[in-house]
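A.B. asks: Need a 3D model of the sequence below.
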Amino acid sequence: MLETVYQHLEILQEQASKFSPQQQEIVTKILDDLSYFLQEMAASRQFESAENNAEKLVELEKLNSLLERTVAQQASQIRQLKEQFDKEISQHRRDNQGLIKSEAKIQALLRNSPDIISIVGADGLVRYHSGVLQQVLGYNPEERIGKFHGELIHPDDLLAWQAYFGKLLEAPGIAGSIEYRIRHADGYWLYMESIGNSLIYDSSVQGIIINSREIGERKQAEIAVRESELHYRVMSQITSDFAYSFKALPDGKFTCEWATEAFERCAGRVPEELESFGWWNSELVHPDDREILIKQLEGCTFSRTGVNEYRIIDRKGEVRWVRDCWQVVWDKTAERVVRLWGACQEITDRKQVELKLQLVNEVMIAQMASAPLAINCTDNNGRTLVWNRAAEQLFGWTSAEVLGQSLPNIPEGQKQDFYALLKSACNGKPQNGLEVSLLKKDGSSIDVWLFAAPVRDVGGETIGSINIFSDLSERQRIQEKRQQLAAMKDMEEPFWARYVKPPKTQRKNGDR
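C.D. replies: Numbers count the residues shown, from 1 in each chain. Now for the predicted structure:
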């Protein structure tokens, strides 16, 4: 019986070598206890057999039964431990497979990530670089291992990097981003953006993980934006033009969001003052122009853009003219205007010139209307712009019949030559006293003197010609009288004339 038990113990000892160290320790202790118990029992049996003690034999049988049950229980526990061990081995294999797959994914991410992933020790030495380093900076990752990470950073950015790295050493965890320049293997500088994660106290890392990416295009765009903003500020400082933005509230009122600096030079007020009062309904706009602007804005749902010219009153009380080009932003969901953008240009000097020109034009129109000579003006296309009362009397057509039309008093066969004559006058060859024969409304012809000169706008561009006509009929009648008198003077004196004495009023002194 004991031999069988010993055989089972040997088998259990062989199987225990397959268990984990912790399980082997448990099984070995159980087997040692069993072995000691069997040895005690064997010694007891030998002693009792020597004494031939029948009573002890019965007890030994009981102990044998107990031992068998104990061995069976221990064998059951060992089987359970073995089953648990097999499960742990299976789980360990699954965990290893998961780790292998995870590692493969991480390696794939490292290979395909556009960011440079680096691990830097607390001493600043590089312990790892991902393969993207060579694609971005041109360096072999293995050759950079053990080198100082900061030695490639631009000298002007090195101090900022050292401060950033120092914060990572002091406070574990993820820090904010930092931008700096780093030297490419070919010698030029690249803009980089990095984010550091301090895992110095993590036993699996014991370093700082740095994710870096090249941001050259973004920096160029930022530099371009800054230069554009600088140009804008300069232009805003040297020009009288200013821009603005107003937010439209649901109740129809407008609140200022911002206005450029030139507003102060134009209106004599700082841009922040627009936030405290409205625009078109404030004391800034001239009272005579305020209502017109408000009505135009009320209808801006139908017109998305507009151009207005109106007067504003600056802080000193002076009136200035502005030309306002504005555009509304329409919200389809709310079905209303939500924002108003605009750009204003001061046109005070231009308006003053226009008002003077308007006065001059009014005086000139009055003079032409009351002039005794026939006057008309034509544009570059030959259309009639002016036809005064003297022209109505001389040619018979009213101004309503002629304005906007070609000149009606030109004979059919002479139109081409006559307009060529006017075009020549527009080109700087005025006509002074040219005799031409024109038509009247009744179909008769009339001989006139033509005086033609170009008409130019403010910019000096020729926009047409002014034509003055003087009737030659009176001149011709006077010429005919003169010719008649000259003919009578050349006639011979009749014989009886010597006998006719002149009247006394015509006698000279001394005549009797």
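A.B. asks: So which residue is dead centre in this protein?
C.D. replies: Taking CA atoms, centre = their mean, the centroid of the chain lies closest to V225, which sits 9.3 Å from it.
A.B. asks: Could you list the low-confidence segments of the stretch 201-350 of the chain?
C.D. replies: When residues are selected by pLDDT under 70, those of the stretch 201-350 of the chain lie in 229-240, 271, 274-282, 297-303.
A.B. asks: All the helices of it, residue numbers only.
C.D. replies: 216-238, 262-267, 287-298, 348-370 (DSSP state H, counting those that start in this stretch).
A.B. asks: Pick the most buried one from the ones you listed.
C.D. replies: helix 262-267 (a mean of 20; mean count of other CB atoms under 10 Å). Where you see a C-beta, it was placed from the backbone N, CA and C, and this is true even at glycine.
A.B. asks: residues in contact with the residue nearest to the centre of the chain?
C.D. replies: Contacts here follow CB atoms under 8 Å, 6 or more residues apart in numbering; on that basis V225 touches nothing.
A.B. asks: Next one: it from V205, what distance?
C.D. replies: V225 sits 38 Å away from V205 when distances are taken as CB to CB, to the nearest Å.
A.B. asks: What of D156?
C.D. replies: The span separating D156 from V205 equals 31 Å under the rule CB to CB.
A.B. asks: same check, this time on L169
C.D. replies: 14 Å.
A.B. asks: Among D156 and V205, which residue is more densely surrounded?
C.D. replies: Of the pair D156 and V205, V205 is the one with more neighbours under other CB atoms under 10 Å, namely 15 against 10.
A.B. asks: wait, the more buried one sits on I119?
C.D. replies: Yes - at 6.9 Å, V205 and I119 qualify as touching, with contact defined as CB atoms under 8 Å.
A.B. asks: what's the burial count for D202?
C.D. replies: If you count neighbours by other CB under 10 Å, D202 ends up with 12.
A.B. asks: phi, psi of it?
C.D. replies: Its backbone dihedrals place D202 at phi -90, psi 120, with angles given as degrees, to the nearest 10.
A.B. asks: again with the one 3 residues further on
C.D. replies: Reported as degrees, to the nearest 10, the phi and psi values for V205 are phi -120, psi -60.
A.B. asks: Without its sequence neighbours, what residue ends up closest to it?
C.D. replies: Nearest non-adjacent residue to V205, counting by CB to CB, 6 or more residues apart in numbering: L199, 4.0 Å away.
A.B. asks: Quick one: residues contacting the one you found.
C.D. replies: With CB under 8 Å, 6+ apart, L199 has these contacts: P172, V205, Q206, G207, I208, I209.
A.B. asks: And for the third one, the neighbour number?
C.D. replies: The number of residues packed near Q206 is 13, by other CB under 10 Å.
A.B. asks: same check, this time on the fifth one
C.D. replies: Using other CB under 10 Å, I208 has 23 other residues around it.
A.B. asks: Domain-wise, how is the protein divided?
C.D. replies: Per the record's domain assignment (automatic domain parsing), the chain is made up of the domains 2-107, 113-220, 240-346, 367-476.
A.B. asks: So for the shortest one, mean pLDDT?
C.D. replies: Averaging pLDDT along domain 2-107 yields 66.
A.B. asks: now do stretch 366-377
C.D. replies: Mean predicted lDDT for stretch 366-377 stands at 86.
A.B. asks: how deep is L81 tucked in, by neighbour count?
C.D. replies: The burial metric for L81, expressed as a neighbour count using other CB under 10 Å, is 19.
A.B. asks: Over to A425?
C.D. replies: The criterion is other CB under 10 Å. On that basis, A425 has 24 neighbouring residues.
A.B. asks: Can you tell me which helices and strands the helix or strand where it lies packs against?
C.D. replies: With elements delineated by DSSP states H and E, A425 resides in helix 415-426, which encompasses its position. Using 3 or more CB pairs under 8 Å, 6 or more residues apart in numbering; DSSP states H and E as the contact criterion, the elements in contact with helix 415-426 are strand 431-439, strand 445-456, strand 462-471.
A.B. asks: from the middle of its chain, how far away would it be?
C.D. replies: Averaging C-alpha coordinates over helix 415-426 and over its chain gives two centres that are 53 Å apart (CA atoms, centre = their mean, to the nearest Å).
A.B. asks: what's the answer for stretch 141-149, then?
C.D. replies: The gap between where stretch 141-149 is centred and where its chain is centred comes out at 42 Å by CA atoms, centre = their mean.
A.B. asks: can you list contacts of it?
C.D. replies: Counting by CB under 8 Å, 6+ apart, stretch 141-149 makes contact with 118, 120, 124-131, 133-134, 210, all of which sit outside it.
A.B. asks: same thing with stretch 165-177?
C.D. replies: The contact list for stretch 165-177, computed with CB under 8 Å, 6+ apart, reads 120, 122, 124, 150, 164, 193-201, 208.
A.B. asks: who's in contact with I119?
C.D. replies: Under the criterion of CB under 8 Å, 6+ apart, the contact list for I119 reads V126, R127, Y128, V205, G207, I208, I209, I210.
A.B. asks: Which of the residues you listed are buried? Put it as a ChimeraX command.
C.D. replies: Listed next is the ChimeraX selection for buried residues among the contacts of I119, using 16 or more other CB atoms under 10 Å:
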select :126,127,128,207,208,209,210
